[in-house]
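In: What shape does this take:
(chains A and B)
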Amino acid sequence: MSENVISTRRLSPAAKAALGIFARYATIIGLGAMILAFSLLSPDAFPTFNNFINVINQASLAMIISGGLTLALVIGEMDLSVGYAASLHGVLVTGLIVHSKLPIPVALAVVIALGGLVGAVNGLIVTKLRVNSVIATLGVGTILVGLAFAYSSGVPIVAGVPEAFLQLTLGRWLFGIPNPIIVMALVVLILWVLVERTAIGQEIQAVGGNQAAARLAGISVDRIKILAFVISGMCAALTGALLASRLGSGTTSAADSYLLTAFAAVFLGSATLRDGEFHVLGTLVGTLIIAFGFNGLNIFGAPTFSQYVFQGATLIIAVGLSSLGRMLAES
Amino acid sequence: MNNAALESGTPQTPPFVVAETISKAYGGAQALNAVSLSIVPGEVHGLVGANGAGKSTLIRILAGLTQPDSGQIVVDGRRIVANSPHIASELGMSFIHQELAFIPGMTVLENIMLGLPKKTRFGLVDWPAIAREIAPIAHRVGVRAPLTANVKGLSTAENWLINITRALVRKARLIVMDEPTAALAAAESERLFGIIRELSKSGIAVLYVSHRLDEILELCRRVTVFRDGRLVTELTGAGLTRQALVESIVGGAVESTHNHVGASAVEGVAISVRRISRAPKVKSVSFDLKRGEVLGLGGLVGAGRSELARILFGADRPDSGEMTLEGKPFAPRSPAQAVKAGIGFVPEERRAEGLILSKSVGLNLGLANLNSIIVSPMLPLISGRRRDALVERTIKAFAIKGASIDTPVGRLSGGNQQKVVIGRWLQSKPKVLILDEPTRGVDVGARAEIHKFIRGLAHEGAAVLVISSDPEELPDLCDRVLIMAEGRIVGELAGDALTRHAIIAASYAGVQELGVT
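Out: Next up, the predicted model:
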C-alpha cells in the first residue's frame, strides 16, 4: 500500500539531478544571496572592504573552535566541552601572563597543550571507558567550568593585562590583515590538509564513515578518535586564548556561547558541497553565513533577540532543506 | 515436473497459504525463480536448501518485508495485493527468526503483548487481566518462566516458546520457524518438537526451515527443496528419505573438476592454530595453514567459521589456545596489530564491515596501503600520483566496472564492491589472507576474477583461508578443505576426496553427530 503511494511520487531524473545539486550548493547560494540582499539594502555600510574584513575578523575565533569541533564530528562523536574549555583556557592564559608572569608565547603554548590534554581525557573516556561522547564531554565540560572558577575564584582577571597580549588580536600583519584572520586561515589550512590530504586524514574519514569496516581494515580506531578529540581541545584552547586577548580579560564564562555557534556552523557546513558529511571547508562556509547574517542584522539595528532567531532558523532551514533535497533526489 | 510434484503431494484440505510462481531478483542475482509452495492447515512443512538457495527470500516475501517481482500469494483463497508485515500478521502468519527480537528490560508478558491492543481499565493498561488471559496459552506452549520475569537472561529455548506464545496470542494459523534448533541443546529441541506436534494437531501449520535433515525427517511429512532460487522437488511419503534430501539439495551428480594452478614453489607453515576456543561458537580448533596454500573452511552457517576468522584477525580474542605466525607466537589484540603482522581480512558483510560506503573508491582501496601512497614516512601526505596509480592498477587487475577514483563505493554493484574489498590487499601482499564468503552475491564473471586473484596470491607464496558456504566454490578454489560443525573441525578433504558432495555430506554429518550428543 505505502509502496504504491511512494511510487506515484517518483521524480524525473532531471528533477532529481537538480535537487541533488541544490542540496549541495544551497548553503553557498544562501550565503551569496544574503550578502547580495544586505548589499542592496545597505549599499553604504555593508558591502565595504572594511566591513568584510571586520566580519571575517569577528568570525575568526568561531571558525577556529568550529574547525576543531568538525574533527570530533567527522569521526562520529560529539564534543560538548569546547565552549567551556575555551572559557577555562581564556582565564588560564590571562592568569599565566598576569599572575605567573609567563612570556605570552609560553603562556599560549601551555594553554594549547592543556587544551590537547583535555581533549585526550575526553577521547580516553569515550574510547576506553566506552562512555557515550555526549555524556563524557558534557561531564568533562562541567568539570572545566569548576576548574575555571577554582583558578580565578570567579573574578575576571582584568588588571595588569599587558598591551602586547591585547595586540595579539588587535594587531595586523601582511597587507594589514588582522592577526585573527591569519591565525584562522592557518588553522583552516592545517585542518583541511590533515583531513583531506594525509594518511591520518584517510583513517579519520574511514572511522567516521564506518567504524566496523575501519577497524577490520586494520585502523586503530581508538587512537584516531583520541586524536580527533585532542585537536578539538587544542582549537578550543586557542579560541579561548584569542578571546581573552580580544576582551582584555580572562572571564570564567566568556566563551561558553561558542558551543552553540560552533555546532550551528559545523552542521550548516555538513549541508555544504557534500552529502551531509562534516568537513572543514563546509564549516568555514557555515561560520561565514552566521557571521555575515549577524553583521547584516546589526547594521540594520535589529534587536539582539533577532540574531538568535536568525541563527536557529538558518540552521534548521539549511540542514532541513539539504537533507530533504537529498532524500527526494535519492528516492 | 513441479506441477506434478505439487499435485501428488497436496492433501485434500484446501491450502491456507499458497505462493504461486514467485520470482525475485536482487541486482543481477535471481534469488527466486518462479517457485511455488502451498501449506495446508495443521501440516509441518519442511523447507530445505543450501545457503543462498532462496529460502530466506521466500520467507521475507511471505512476511511482507520484500515485494516479489512477479507471482502472487494467496491466503485462504484470497489474493494478497500488497503484502506488509502488518497485513501478514492480520492474515494469521507469524514469523520466528533465528535472531529473536525481544525488548530487553521488559517482562515476558510485555514482550508477548508488544504491538497488540491491550485491555485497559480507567485508561490504564490492565496487566493483571491480560496476564489471566495469556497464562493458559503460555502454559499450553510450555513457557516455564513467570510472565512477570524480565526476558533478559532467559534461555534461547524459553525465548522460542515465548515467541510461539506470542504467535498464538495473535491467532496465527501459520508459524514460520527459521532454524529453530540452531542454538538449542538436544533436550530443548525435543521439547520444541513436542510443542510443534501439539500445534499441528490443533490445526496450526508450521513452515519449518532447517539445515538439520534428521529433524526435518522426524517432523515433516512434506518437504520442499530449493536450489539456486528454484524449486527442485517436493518430497512426501516414501520418497522422503535422507538420501533423497541430500541429492536434491546438492543437485545432480555433476562434480566440478579441480582447476588448480600448479602448486606453489614456496613451502612451510604460515599460521599454526592450536586448540583455539572462544565461547560459545569456537571449540578447540587446531590446524596448520601452509604458505602457498588455499585452505577452505566449509560447513553450515552458524558452524563458527566466521567467529574463528575474527580470532585469527585479532577482531576477537580467544578464551584459550595458541597461534603462531611463521613460527613466532601470534596473539593479535586488534585488527591493526594483525595487519601489521601481515594478515589481511575480507569480512563477510562487505557493506557493514568491509567498506566505507559513502567514501570514494580511492579512499577505500587506499586504507590498507596508506604507507605505500604517502610521499614519504617523514611527510605523510597522500601522494595523488601514487594513489591514482594504485587505484588504476587495482581497477584494471580486477576489472572493477563503473569505478573511477572518486566514485563513492556505495554506488557500485555488489560484485564490484566486493572486488574493492579484496583489491585492497592486492598491493600490500599479506602473508596470510582470510576471506569470509568472498563471492557471495557476486556474479559469475566477478567470481572467476576473484578466484584467479586468490590462486595467484597463493602461487606467489601467500597463505589463503577461504570461508565459503557455497559447496561448489571450495572444490574449485582450494587445495584442502576443513569442515567445521558446531564450533569444531569435524573433517578434512583433499585431492580426489574433495568434492561438492563430500563437503555437503561432511557438513550435515558433523551436525548430526554432534547435535545428538
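
In: which of the residues in stretch B:193-209 are buried?
Out: For stretch B:193-209, the neighbour count (16 or more other C-beta atoms under 10 Å in any protein chain shown) marks B:193, B:195, B:196, B:199, B:200, B:204, B:205, B:206, B:207, B:208, B:209 as buried. For glycine as for every other residue, the C-beta is placed from the backbone atoms N, C-alpha and C.

In: Skip the chain neighbours and tell me the closest residue to the fourth one.
Out: Read that as residue B:199. residue B:206 (6.1 Å; C-beta to C-beta, 6 or more residues apart in numbering or on different chains).

In: Kindly indicate whether that neighbour is helix, strand or coil.
Out: strand (DSSP: H, G, I helix; E, B strand; the rest coil).

In: Over to residue B:235?
Out: Residue B:235 ends up strand, using three-state DSSP.

In: burial count for it?
Out: The number of residues packed near residue B:235 is 24, by other C-beta atoms under 10 Å in any protein chain shown.

In: Please list all residues in contact with it.
Out: Going by C-beta atoms under 8 Å, 6 or more residues apart in numbering or on different chains, residue B:235 touches B:9, B:222, B:223, B:225, B:241, B:244, B:245, B:248.

In: same check, this time on residue B:431
Out: With contacts defined as C-beta under 8 Å, 6+ apart, the neighbours of residue B:431 are B:270, B:291, B:325, B:326, B:341, B:342, B:343, B:462, B:463.

In: Please name the bridge partners of the last one.
Out: As for beta bridges, residue B:463 partners with residue B:432 under DSSP bridges.

In: any weak-confidence spans in the chain?
Out: All of this is about chain A. Low-confidence segments of chain A, defined by pLDDT under 70: A:1-11, A:329-331.

In: switch to chain B, that's the one I care about
Out: B:1-12, B:27-28, B:51-52, B:98-100, B:182-183, B:252-266, B:441, B:443-444, B:510-517.

In: Quickly note the distance from the residue nearest to residue B:199 to residue B:173.
Out: Distance from residue B:206 to residue B:173, counting by C-beta to C-beta, to the nearest Å: 10 Å.

In: for residue A:260, same thing?
Out: Residue A:260 sits 56 Å away from residue B:173, going by C-beta to C-beta.

In: and if you look at residue B:439?
Out: 40 Å.

In: ok, now residue A:72?
Out: Distance from residue A:72 to residue B:173, by C-beta to C-beta: 53 Å.

In: Neighbour count: those two, which is higher?
Out: Using other C-beta under 10 Å, the more surrounded residue of residue A:72 and residue B:173 is residue A:72, with 31 against 20.

In: my guess is that one meets residue A:79, correct?
Out: Yes. Residue A:72 lies in contact with residue A:79 (C-beta atoms under 8 Å); the separation is 3.9 Å.

In: and for those two, which residues touch both?
Out: In terms of C-beta under 8 Å, 6+ apart, residue A:72 and residue A:79 are both contacted by the residues A:133, A:229, A:232.

In: need the contact list for residue B:286.
Out: Per C-beta under 8 Å, 6+ apart, neighbours of residue B:286: B:273, B:274, B:275, B:276, B:321, B:489.

In: The fifth one should be in a strand, yeah?
Out: Yes. Using three-state DSSP, the secondary structure at residue B:321 is a strand.

In: What is the neighbour count of it?
Out: Using other C-beta under 10 Å, the number of residues around residue B:321 comes to 17.

In: quick one, what contacts residue B:85?
Out: B:63, B:64, B:65.

In: can you give me the strands for the stretch 151-300 of chain A?
Out: Ranges of strands within the stretch 151-300 of chain A are A:172-173, A:177-178, based on DSSP state E, counting those that start in this stretch.

In: can you redo those as JSON lines with mean neighbour count and distance to residue B:356?
Out: Putting the strands of the stretch 151-300 of chain A into JSON lines (neighbours: other C-beta atoms under 10 Å in any protein chain shown; distance: least, C-beta to C-beta, whole Å) gives the following:
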{"stretch": "strand A:172-173", "mean neighbour count": "13", "distance to residue B:356": "40"}
{"stretch": "strand A:177-178", "mean neighbour count": "16", "distance to residue B:356": "38"}
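
In: Mind putting the ones you listed into a markdown table with distance to chain B?
Out: Below are these laid out as a markdown table (distance: least, C-beta to the nearest C-beta, whole Å):
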| stretch | distance to chain B |
| --- | --- |
| strand A:172-173 | 27 |
| strand A:177-178 | 27 |
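
In: Relative to chain B, which residue of chain A is the closest?
Out: Proximity to chain B, evaluated over chain A using C-beta to the nearest C-beta, is greatest for residue A:218 at 3.0 Å.

In: isn't residue A:209 right up against residue B:358?
Out: Yes. Contact status for residue A:209 versus residue B:358: in contact at 5.4 Å, counting by C-beta under 8 Å.

In: Which residue of the two possesses the greater neighbour count?
Out: Each of residue A:209 and residue B:358 has its neighbours counted (other C-beta under 10 Å); residue A:209 has more, 23 against 17.

In: Tell me how many other residues crowd the residue nearest to that one when sequence neighbours are not counted.
Out: Residue nearest to residue A:209 in three dimensions, not counting chain neighbours: residue B:356, with 3.4 Å by C-beta to C-beta, 6+ apart. A count of nearby residues for residue B:356, using other C-beta under 10 Å, gives 23.

In: Shouldn't residue B:356 be within a helix?
Out: No. Residue B:356: not assigned to a helix; according to three-state DSSP it is coil.

In: can you pull the contacts of it?
Out: Counting by C-beta under 8 Å, 6+ apart, residue B:356 has contacts A:205, A:206, A:209, A:210, A:213, A:214, B:363, B:364, B:367, B:409.

In: And chain B, is the longest helix along chain A touching that?
Out: Ordering each helix of chain A by length in residues (DSSP state H) puts helix A:13-41 first. No. Helix A:13-41 is not in contact with chain B by C-beta under 8 Å from any C-beta of the partner chain; minimum separation 12.7 Å.

In: Next, the angle from the helix or strand following that helix to helix A:13-41.
Out: The helix or strand immediately downstream of helix A:13-41 is helix A:49-74, counting by DSSP states H and E. Angle of helix A:49-74 versus helix A:13-41, following axes from the mean of the first three to the mean of the last three C-alpha atoms, to 10 degrees, is 140 degrees.

In: got the residues of chain B near chain A?
Out: B:67, B:82, B:84, B:313, B:315, B:334-336, B:338-340, B:345, B:347, B:352-359, B:363, B:366-368, B:370-371, B:373-374, B:380-382, B:424.
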